[in-house]
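J.: here is the input, now give the coordinates:
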Amino acid sequence: MLKTTHSSEILSEDTILHKPIKSCVFIFLILLLVHAFEAIALRMDQTIFAENFINKIFGIVLLFVLLKQLHWDISTIGFKKYGLVKTILKGFALALFSFFIAYTIECSILYFQEKKIHLGFFITGFSLTGVGSIQTGIGFVFTNIFFNIINVIMEEGTFRGLFYQLINTRYSLKTALFIQALLFGIWHIVTPFHNWIDGEISGMGFVSLSIGYIILAGMMGVKWGLLYRMTGNLYAGMADHFFNNCIATNLLHVVSNTGIDEYMIFRVLIAQIISFAIVVFLWKRQKIEGLK
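T.: Residues are numbered from 1 along each chain as shown. Modelled structure (predicted):
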């Protein structure tokens, strides 16, 4: 007779703690289904809200349910009382430095192409296939900021907080770091899948963009995981994550006489490579100093 496993059994405290990888993958699949349903079926990013936020709110609610199930509090997954302002400033400093270089390179490329360029401050929804509608109202700016705060709370709390902490209870730091980063990379293929479903990119385009997303978002996941390890809380990673999502891709744009954000993907890639290298260097230095 076949033995069936119910979701309540998979998400029991005993199972979560003794089979953390299996549990994290199961939780991730629930979140991914909600994420894909909202992006493809509900399309909240095409409404007045201009953002897919339902999956983030769902994720935060599920996160608190799981914390209660585990008898953990929010400090267990990195939302500590200490170091809030200090580590947020460190995260913003990392983002500012990295994106200053990235914006400079992007503007230089356009300048040498003899294009007229300037920076624009307005709202656009992130897209792989070009800039959507432009919104300049202050209400849209504050809405964008609010939803991006919700976004970083959910994603950092889930991937760097819950998943990392759970896996690290039974496995090595390296295993926990890379599994949460891999899941974070897969989380982002919803965007190219959405574009493929709408016929905006080809099947090969979907495959190549998905691989690129897994690598880029995975690298970002490793970086923010290391920041969590070095600082003891999630706030530096949340600040860097917020700057990437809110400022660099939604608010501060490079405008030329031939388009808007023509090299935004390269801007993000350059900034993430620079900040990743800085964090890995600091992590290795911290380890060396810890051995002295």
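
J.: show me what stretch 173-186 is in contact with.
T.: When contacts are taken as C-beta atoms under 8 Å, 6 or more residues apart in numbering, the neighbours of stretch 173-186 outside the stretch itself are 21, 24-25, 28, 32, 155, 159-160, 163-165, 167-168, 213-222, 225-226, 229. C-beta here means a position set from N, CA and C on the backbone, and glycine is covered the same way.

J.: could you give the average pLDDT over it?
T.: What stretch 173-186 shows for mean pLDDT is 97.

J.: which strand or helix spans the residue nearest to residue 266 when sequence neighbours are not counted?
T.: Closest residue to residue 266 in three dimensions, ignoring its sequence neighbours and counting by C-beta to C-beta, 6 or more residues apart in numbering: residue 106, at 6.7 Å. Using DSSP states H and E, residue 106 sits in helix 84-112.

J.: can you name the next helix or strand after that helix?
T.: Tracing the chain past helix 84-112, the next element assigned as helix or strand by DSSP H and E is strand 117-121.

J.: what is the orientation angle of that following strand with helix 84-112?
T.: For strand 117-121 against helix 84-112, the angle between stretch directions is 150 degrees (axes from the mean of the first three to the mean of the last three C-alpha atoms, to 10 degrees).

J.: just the buried positions in strand 117-121, please.
T.: Neighbour-count burial for strand 117-121, with 16 or more other C-beta atoms under 10 Å as criterion, is recorded at residue 117.

J.: what packs against the helix holding residue 106?
T.: When contacts are defined as 3 or more C-beta pairs under 8 Å, 6 or more residues apart in numbering; DSSP states H and E, helix 84-112 sits against strand 117-121, helix 203-231, helix 235-242, strand 252-256, helix 264-291.

J.: ok so, going back, surely the residue nearest to residue 266 and residue 252 touch.
T.: No: counting by C-beta atoms under 8 Å, no contact exists between residue 106 and residue 252, whose distance comes to 11.2 Å.

J.: restricted to buried residues, select the contacts of stretch 173-186 in ChimeraX.
T.: Command for ChimeraX, covering only those of the contacts of stretch 173-186 found buried under the criterion 16+ other C-beta under 10 Å:
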select :24,28,32,155,159,160,163,164,165,167,168,213,214,216,217,218,219,220,221,222,225,226,229
